[in-house]
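Student: What follows is a predicted structure for the sequence shown.
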Amino acid sequence: MSEPGPESVPTSADPRSKRPTKRRAVTPHAEHANQIETLFKDPSKDVQLPNFSTSRTSGSLPPPPEIVANVQGSSAGAGSGEFHVYKASRRREYERLRLMQSEVDKEKDNETWEKEREEAKRKDDEKTEKNRRRREKRKNVKGKKGGAQKDAAPTVTGLAAPDMDTSADGVKGAEGAVSHEVPGVIIHDDD
């Protein structure tokens, strides 16, 4: 037996052959891999992304024709080609009407949402104003009761008897009022 030579190479795989290689059906995986390889061949090249589709509106559609030359129904004396023309024009008109109706519905929804939002904001503002007036009233009443009491130590009032200490960390002051210690973190240095 002799060594394999150029005669043993299939004709399509032989680099000297002018015959094109067989084209196979491209799978989605192979197509995606090919696109990625194309992108990585020249990384400095800008990537072109497709434009995102915008929502269609009645303004984006062409206006309906002002003059309809041949007005007829789907079957009244129509030939075989006229039926499709009629169906296409009817479909365009229904699409235009549907888009116009959806725009009207969106506007109504926006109006009702705005009304609800304004109503909620008005209620919130009223409640805030009511609470503010209540705080101001309490502040004024407290200020009139004891002008000298502002300098004294803060007292805790509750349902317990004044001479009883009900808090775990409370310490009685000079006047019998409970003053609370502020909890904190104690750090011990082990140097």
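Tutor: Perfect, I can see it now. Numbers count the residues shown, from 1 in each chain.
Student: separation between R138 and K130?
Tutor: R138 sits 13 Å away from K130, going by CB to CB, to the nearest Å. C-betas here are computed from N, CA, C, even on glycine.
Student: ok, now H84?
Tutor: Taking CB to CB, one finds H84 at 69 Å from K130.
Student: try I186
Tutor: 44 Å.
Student: a strand runs through R96, doesn't it?
Tutor: No. Secondary structure assignment (DSSP: H, G, I helix; E, B strand; the rest coil) places R96 in helix, not in a strand.
Student: What is the burial count for it?
Tutor: 16 (other CB atoms under 10 Å).
Student: Let me know the pLDDT of P63.
Tutor: pLDDT, P63: 76.
Student: Let me know how buried it is, in neighbour terms.
Tutor: For P63, using other CB under 10 Å, the count is 8.
Student: do the one 4 residues further on as well
Tutor: Other residues near I67 number 4, with proximity taken as other CB under 10 Å.
Student: Shouldn't it be within a helix?
Tutor: No. Assessed with three-state DSSP, I67 is coil; it does not lie in a helix.
Student: how close does it get to K142?
Tutor: Taking CB to CB, one finds I67 at 83 Å from K142.
Student: Just list the residues touching E111, thanks.
Tutor: With contacts defined as CB atoms under 8 Å, 6 or more residues apart in numbering, E111 has no neighbours.
Student: Mind telling me what element it is part of?
Tutor: helix 82-145 (DSSP states H and E).
Student: Where does pLDDT dip in this structure?
Tutor: 1-15, 20-21, 68-79, 146-182, 191 (pLDDT under 70).
Student: make it 50
Tutor: Scanning the chain for pLDDT under 50 picks out 1, 150, 152, 158-162, 168.
Student: circling back to that earlier point, what about I186 and K130, which has more around it?
Tutor: A side-by-side neighbour count of I186 and K130, using other CB under 10 Å, places K130 first with 10 against 4.
Student: quick one, what contacts that one?
Tutor: Not one residue lies near K130 by CB under 8 Å, 6+ apart.
Student: Tell me how far it lies from S60.
Tutor: The gap separating K130 from S60 is 49 Å, by CB to CB.
Student: What of Q101?
Tutor: In terms of CB to CB, Q101 sits 15 Å off from S60.
Student: State the number of residues packed around L61.
Tutor: L61, neighbours per other CB under 10 Å, totals 13.
Student: With E37 instead?
Tutor: Residues near E37, counting by other CB under 10 Å: 9.
Student: Not counting its own residues, what contacts the helix or strand where it lies?
Tutor: Assessed by DSSP H and E, E37 sits inside helix 28-41. Residues lying outside helix 28-41 but in contact with it, judged by CB under 8 Å, 6+ apart, are 26, 47.
Student: Next one: D189 from P183, what distance?
Tutor: Taken as CB to CB, the span from D189 to P183 is 21 Å.
Student: try D190
Tutor: 23 Å.
Student: again, but for R92
Tutor: 74 Å.
Student: if you count what's nearby, which of these two comes out ahead?
Tutor: More crowded of R92 and P183, by other CB under 10 Å: R92, with 14 against 6.
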